[in-house]
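Colleague: okay, here's the prediction I keep looking at, along with the sequence it came from:
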Amino acid sequence: MRLAGLPRTHLQFGPAIIEIALRVESGLLAHPFLYLDRGCGFNEADKIPLLPAEAERLVGVVPSLRGARTLRFDPSEGPVDITLGEIRLRRSRAGETDLALTTDGRPGSGWRRRPRWFGSHSPLLPHLRLDGVEVVAVRAIEATDEAGVFVLTDGDPQVILRAVPEHAKAQACRYTFEIEEVEGVVAAPRLYIDYDGKGFSQDASFALARQPDGLYHALVARPDLKPTVRWDPSDRRGKVRLVSVSVQPEDVSALSDPAETDVESPPDDMAASLSERRAQAVVRSFELNELRYNSAAALAYDYGRWIKATEQPSQADRLRMPDIIAAMDWRPRFSFVMPTYNTPPDLLETCIQSMLDQVYPDFEICIADDHSSDPRVRTLLEALAARYPQIRVTYRETNGHISEASNSALALATGDFVVLVDHDDILPDYALLVVADALNRNPGTRILYSDEDKLAPSGQRCDPYFKSDFNRFLMFGHNMVSHLGVYQRTLLETIGGFRKGYEGSQDYDLFLRCLDHCSDSEIVHIPHVLYHWRMIPGSTAVSADQKSYAIVAAQKSINDFMRRNQLPFEVVDGVAPGLTRLAVVGDPERRTVSIVIPTRDGLDLLRPCLESLRGSIDDAVEVVIVDNDSVEPETHAYLAELALEPGFKVVAAPGAFNFSAICNLGVAASSGEIICLLNNDTELETQDWLTRARALLSMPDVGIVGARLIYPDRSIQHFGLYLGMGAHGVAGTPHRGLPMSDFGPFGKARLIQEFSAVTAACLFVKRPLYEAVGGLDPELRVAYNDVDFCLKVRALGKKILCDPDIVLIHKESKTRGADTDNLKAERLEMEARTMRARWNKQLANDPYYNPNLTLDRDDFSLADAPRSPLPWRRTEANTARMRQS
């Protein structure tokens, strides 16, 4: 259901609440969502879950309405009959905005605003105006002689805050920060929340996004729990003016569990645990919304600035381009191939002009008009062909649709490489220069593809897809290659061009058939946006479900590939249009599996772990429990019973905790062809996990299979690892904290794919590979041993997969025993140094993580300085280094 556009006065909102009144006549509401269109169409970055607040009312938190034009309400994933009432968007603080919407978007009554006001100042931060909050402590922020101006003395400035007691009765508080740049830039501001006095963590933090009014906003739930809040104004040195911090109450009662009101007050000995559960449920749901949507909003807001800072060539860059071309050892010739049919002439001309404008001169433009009924198309093409000798046009006598039309254009091509372009999209004028540079740097390449973004009707670039290097299994989930796609012409001739019957996904099918004839190493990813995909009604640039026939054709293409290559899989519908899920076909060979589980006491964790496995293991599976000095009698008794059961084995591993050595001991005592390392604090969710692992490991090039791990609150704890992230620059976890039902950016949180590493909390590996690399390295006693192990297996040419359909609950390592904080920090730093010394090159360049994305955070936000610069900036950097030397 589409809701009409919002009034302009509405667009200055920071966080707000939406309420939807409705009555369910029949059926059930399943996963209702609200979508925002900020000028780039509806997409997952602006998807807001709606929660039942009370009878006949849904409520959701809208982190920001900045730039929002239209709202879309999706009541349910399944059939449901509803009567829709009033839709209300409000800021509940007294004196603030309260705006009612009808379904046609007309403003209701009660529309009012009040100016901001501030109260006292802080003695710790002179001239900082405060309202409803006090400053408790300050780190790495020093006052200057100029009123209100402070120096951030290192990259981790911190302000500890506490809301005034009067706000404790509120359901939530909205924190508002006003800060101005004086020297340097404000980068990656965050808000951390400590509810239990155990300290601050990244999981309980918000990325703060600047709003159009220049302020930063965040919502903090449950002030009655008296949280301590830490504001990090920036993540780098600089000079700033700290103007104000305001905290005001916010009503978020809709985020509480209605079931809590239906139970009697708990006895005293239950109160603490229930309080913890309440805090976890309310805060987690609230924080996840903020974490996700603030990060997405920041990405959208910063993309334009990022383009200007890192991508757009300067005049000096343009003067350097002819020299770059002249210095190339090889000047490949390119053939643009483009079918067209009744394209609006203005869009068609703009598209062709973007090809004609290329600064790299060695190209031709091959166009096939698919018997357009609009005479203006032919008139335009004839005029352009007469004016520009690079343009070659063929006019089909019958309409054959996009595959046949593409083949007609392909027949005109004479270049070394074919560049596929849709008839209404555009390219930057340096696209071919960057492709030619990549070909010179990667001899033997047969296919290239680039990053891409979308072009809104307003002309604004948005929704960038920063891709990984080629990821074969991700390609089975969605078309990760797409645009800009560049193919060796002789390769396309070998496969016979485009196939009829695959219209809508003809390029997907084309690539997969090319994949039969080339290796992964012959496919090169260019980490630069070289294609702008125009968003028009009916285009898959707007939404993958705009062309249902394209989805059918895509699945057909992938399943053809599976059959041609005799792979034990087929694809079925995924979690969203345009995404597919890998399903096992038939019964894979029942190779023996040894599940190795280290433990030390913690029977409350080990017992449910093993009970969750019992329904899925067969007589080809053994479970090896490796006991590291358990002391509790109950544990000893339980392990003694297990040792008598068929298929179970208990191995003693005495001595100080060393995860690597314990696992190696368990593997040595096992006999399976496949090893599964499994934490004792996990519980299995998917009973077909062994079937999937066996099928994936039946492929010769697959060495390791990891799982999707979720917290008990159903949010993602682990789904693969990216290198170079984290406090020590070793590895970070993408999608961490997202609801497990969420599919993340471009569906990648729910698609099987290759990673550089996965966690050993659940890791399947072929025994010969485990033995070939010497198992886990005992030098890495606790941290990074799994990353090290995976990198060794990758060095043997094997793929590391993470399967989203192997799901386990992970309660995180609770039975390892405690060290002091200092010992932990020293050990972690030592193990990180080992990893950096051993794998420095790999940590600096994870092929599965785009170099345009930051390593400072795991939220897919943009890097200030891309790690793979454009050719003219790379040349500039090399020149600067030569001068310094």
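Modeller: Okay, I see it.
Colleague: need the three-state assignment for the closest residue to A783 other than its chain neighbours.
Modeller: Spatial nearest neighbour of A783, chain neighbours left out: E831 (4.7 Å); criterion: Cβ to Cβ, 6 or more residues apart in numbering. Bear in mind the C-beta positions are built from the backbone N, C-alpha and C, glycine included. Assigned state for E831: helix (three-state reduction, DSSP: H, G, I helix; E, B strand; the rest coil).
Colleague: so what's E831 up against?
Modeller: Contacts for E831 (Cβ atoms under 8 Å, 6 or more residues apart in numbering) come out as 779-784.
Colleague: quick check: buried residues in the host helix or strand of L380?
Modeller: Element membership for L380 (DSSP states H and E) is helix 375-387. For helix 375-387, burial by neighbour count (16 or more other Cβ atoms under 10 Å) applies to 377, 380-381, 384-385.
Colleague: now for it, which elements pack on it?
Modeller: Packing partners of helix 375-387 (3 or more Cβ pairs under 8 Å, 6 or more residues apart in numbering; DSSP states H and E): helix 345-356, strand 363-369, strand 391-395.
Colleague: so what's the closest residue to G184 other than its chain neighbours up against?
Modeller: Excluding its sequence neighbours, the residue lying closest to G184 (Cβ to Cβ, 6+ apart) is G238, at 2.9 Å. The neighbourhood of G238, defined by Cβ under 8 Å, 6+ apart, consists of 151-152, 181-186.
Colleague: tell me which two of these sit farthest apart.
Modeller: Across the contacts of G238, no pair lies farther apart than V151 and V185, at 14.5 Å, counting by Cβ to Cβ.
Colleague: and the two? Which one has more around it.
Modeller: Counted by other Cβ atoms under 10 Å, V151 and V185 do not tie: V151 has more neighbours, with 16 against 13.
Colleague: what pairs with the more buried one across the strands?
Modeller: E142, K239 (DSSP bridges).
Colleague: about what we covered before: between strand 391-395 and the helix holding L380, find me the angle.
Modeller: Here the directions of helix 375-387 and strand 391-395 differ by 140 degrees (axes from the mean of the first three to the mean of the last three Cα atoms, to 10 degrees).
Colleague: my guess is I82 meets P75, correct?
Modeller: Yes - here I82 reaches P75: they are 5.7 Å apart, a contact under Cβ atoms under 8 Å.
Colleague: E146: neighbour count?
Modeller: 11.
Colleague: can you tell me the SS state at it?
Modeller: Three-state assignment for E146 (three-state DSSP): coil.
Colleague: cool, A727 as well?
Modeller: Of the three states, A727 takes coil under three-state DSSP.
Colleague: how close does it get to I536?
Modeller: A727 is 45 Å from I536, where distance means Cβ to Cβ, to the nearest Å.
Colleague: which one's more surrounded, those two?
Modeller: Using other Cβ under 10 Å, the more surrounded residue of A727 and I536 is I536, with 15 against 10.
Colleague: so which helix or strand takes in the more buried one?
Modeller: For I536, there is no enclosing helix or strand under DSSP H and E.
Colleague: now it: closest residue in space that isn't a chain neighbour?
Modeller: Distances taken as Cβ to Cβ, 6+ apart place D424 nearest to I536, at 6.6 Å, with adjacent residues excluded.
Colleague: what's the one you found in contact with, if anything?
Modeller: So D424 contacts 343-344, 347-348, 350-351, 534, 536 (Cβ under 8 Å, 6+ apart).
Colleague: buried ones among the residues you listed?
Modeller: Buried members of the contacts of D424, scored by 16+ other Cβ under 10 Å, are 343, 347-348, 351, 534.
Colleague: R241 sits in which helix or strand?
Modeller: Per DSSP H and E: strand 238-250 holds R241.
Colleague: list the buried residues for that strand?
Modeller: For strand 238-250, a neighbour-count test (16+ other Cβ under 10 Å) marks 238, 240-250 as buried.
Colleague: quick one on the thing from earlier: go ahead and name everything in contact with the helix holding L380.
Modeller: So helix 375-387 is contacted by 340-343, 345, 348-349, 352, 367, 369, 372, 391-393, 395 (Cβ under 8 Å, 6+ apart).
Colleague: change it to 6 Å
Modeller: Applying Cβ atoms under 6 Å, 6 or more residues apart in numbering, the contact partners of helix 375-387 are 345, 391, 393.
Colleague: hang on, isn't the last one packed against I367?
Modeller: Yes - taking contacts as Cβ atoms under 6 Å, V393 lies within contact range of I367: 4.7 Å.
Colleague: between those two, tell me which one has more neighbours.
Modeller: Between V393 and I367, counted using other Cβ under 10 Å, I367 has the larger neighbour count: 27 against 18.
Colleague: so how far is V151 from that one?
Modeller: Applying Cβ to Cβ to I367 and V151 gives a distance of 59 Å.
Colleague: now Y549
Modeller: With Cβ to Cβ as the criterion, Y549 and V151 are 60 Å apart.
Colleague: how about N679?
Modeller: Relative to V151, and taking Cβ to Cβ, N679 is found at 45 Å.
Colleague: what of F334?
Modeller: 52 Å.
Colleague: one more: L36?
Modeller: 38 Å.
Colleague: same deal with R23?
Modeller: In this view, R23 and V151 are 58 Å apart by Cβ to Cβ.
Colleague: residues in contact with the residue nearest the centre of the chain?
Modeller: By Cα atoms, centre = their mean, the mean C-alpha position of the chain lies nearest to P745, the distance being 4.1 Å. P745 is in contact with F860, counting by Cβ under 6 Å, 6+ apart.
Colleague: wait, which of the contacts of E831 is closest to A411?
Modeller: Y784 (54.1 Å).
Colleague: only C-alpha atoms, please: export stretch 70-81 in CSV.
Modeller: Output of stretch 70-81 as CSV, limited to C-alpha atoms (Å, rounded to 0.1, in the frame of the first residue of the first chain):
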residue,chain,number,x,y,z
THR,A,70,6.6,8.5,-0.2
LEU,A,71,5.8,5.8,2.4
ARG,A,72,4.8,2.2,1.6
PHE,A,73,3.0,0.0,4.1
ASP,A,74,3.3,-3.7,3.6
PRO,A,75,0.8,-5.3,6.0
SER,A,76,1.8,-8.9,5.8
GLU,A,77,4.0,-11.5,4.0
GLY,A,78,0.9,-13.6,3.5
PRO,A,79,-2.8,-13.1,2.6
VAL,A,80,-4.7,-11.0,5.1
ASP,A,81,-7.9,-9.0,4.9
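Colleague: let me know the distance separating the residue sitting furthest away from the middle of the chain from V393.
Modeller: Centroid-distance maximum for the chain: A386 at 46.9 Å, with Cα atoms, centre = their mean. Counting by Cβ to Cβ, the separation of A386 from V393 is 10 Å.
Colleague: cool, thanks, talk later.
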